[in-house]
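Enquirer: Need coordinates for the following:
(one chain, ligands or ions: 1)
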Amino acid sequence: MPEKDPDFMNVLAVDPNIIVDLKYATTDNFTHQMIYDFTTAVARTGTVKKLGIASRLLYDQGYRLKIWDAFRPVTAQAKLFSVVSDPMWVAEPNPNYSHQKGVTFDLTLTDLDGHEVEMQSAFDDFTGKAKRSAPRTAIQEANYQRLDQAMTQAGFMGYENEWWDYRDTDMDTYGPKQTDPNLYQL
Ligand SMILES: C[C@@H](N)C(=O)N[C@H](C)C(=O)O
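Expert: Modelled structure (predicted):
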């Protein structure tokens with residue numbers, strides 16, 4: 001049995017109010033294939049601690065975070081990239097980048113009952129509607145700003161082309177590392 005690497009952590013260990021719904025563990029994603037064999041969301045330990053800060057900020061305002069993707073093995077990235085080979089929407093396989101080293105989350109906001117709030121587009125809508133510069137209705141704008149402010153305050157930066165993609169501002173201090181998220185089940 002391989003050992004758990006303490007450089008990674010389950011997001012539910014910092015805050016059980018976080019909702020985990022990993023889309024690439026299901027066929028409900030843009031590839032219509034199951035991309036990986038785990039349902040546990042893990043990331044680098046420092047990145048998970050930052051997520052906990054954002055989660056608590058949002059919970060105090062009556063909202064929860066829902067995680068659609070966290071650490072994503074390079075093998076999974078290669079599967080995604082083989083379906084959409086455009087680095088604007090899907091990064092090239094690279095163990096030193098973003099999800100693939102565990103410093104990025106794809107996420108959205110829900111109310112306290114777990115119902116998703118309205119955002120400007122669906123997850124992985126690879127059109128201009130996904131961009132942070134896209135027009136938003138007043139409700140979408142309020143939801144976007146609430147999420148963005150909490151994530152920024154906690155130490156993340158949003159990827160300009162995908163409103164759901166938040167990266168640890170310390171991401172460049174992390175080197176490449178892979179793990180098996182199944183080891184981190186609570
Ligand atoms: C595939 C999409 N959810 C995503 O994560 N895109 C960024 C660019 C990535 O692949 O890192």
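Enquirer: When you work out contacts or count neighbours from here on, use the C-alpha atoms and nothing else.
Expert: OK.
Enquirer: Kindly list the longest helix within the protein.
Expert: Secondary structure assigned by DSSP state H gives helix 138-154 as the longest helix of the chain.
Enquirer: what comes into contact with the very next helix or strand once past that one?
Expert: Proceeding C-terminally, helix 138-154 gives way to strand 156-158 as the next helix or strand, assigned by DSSP states H and E. Contacts with strand 156-158, where a contact means C-alpha atoms under 8 Å, 6 or more residues apart in numbering, come from 50, 148, 151-152, 164-169.
Enquirer: I'd like the mean pLDDT over strand 156-158, please.
Expert: The average pLDDT for strand 156-158 rounds to 98.
Enquirer: Next, see if that strand gets close to the ligand.
Expert: No - if you take C-alpha under 6 Å from any ligand atom as the test, strand 156-158 misses the ligand, and the best it gets is 11.0 Å.
Enquirer: Neighbouring strands of that strand in the sheet, and parallel or not?
Expert: With DSSP bridges as the test, strand 156-158 is paired with strand 165-168 (antiparallel).
Enquirer: So for the partner strand, what gets flagged as buried?
Expert: The neighbour-count check on strand 165-168 (16 or more other C-alpha atoms under 10 Å) flags 165-168 as buried.
Enquirer: returning to that earlier point: name the nearest of the contacts of strand 156-158 relative to residue 66.
Expert: Using C-alpha to C-alpha, residue 164 is the member of those that lies nearest residue 66, at 10.3 Å.
Enquirer: any idea how far residue 126 is from residue 118?
Expert: Per C-alpha to C-alpha, to the nearest Å, residue 118 is found 17 Å from residue 126.
Enquirer: swap that for residue 183, sorry
Expert: With C-alpha to C-alpha as the criterion, residue 183 and residue 126 are 32 Å apart.
Enquirer: now do residue 153
Expert: From residue 153 to residue 126 the distance is 27 Å (C-alpha to C-alpha).
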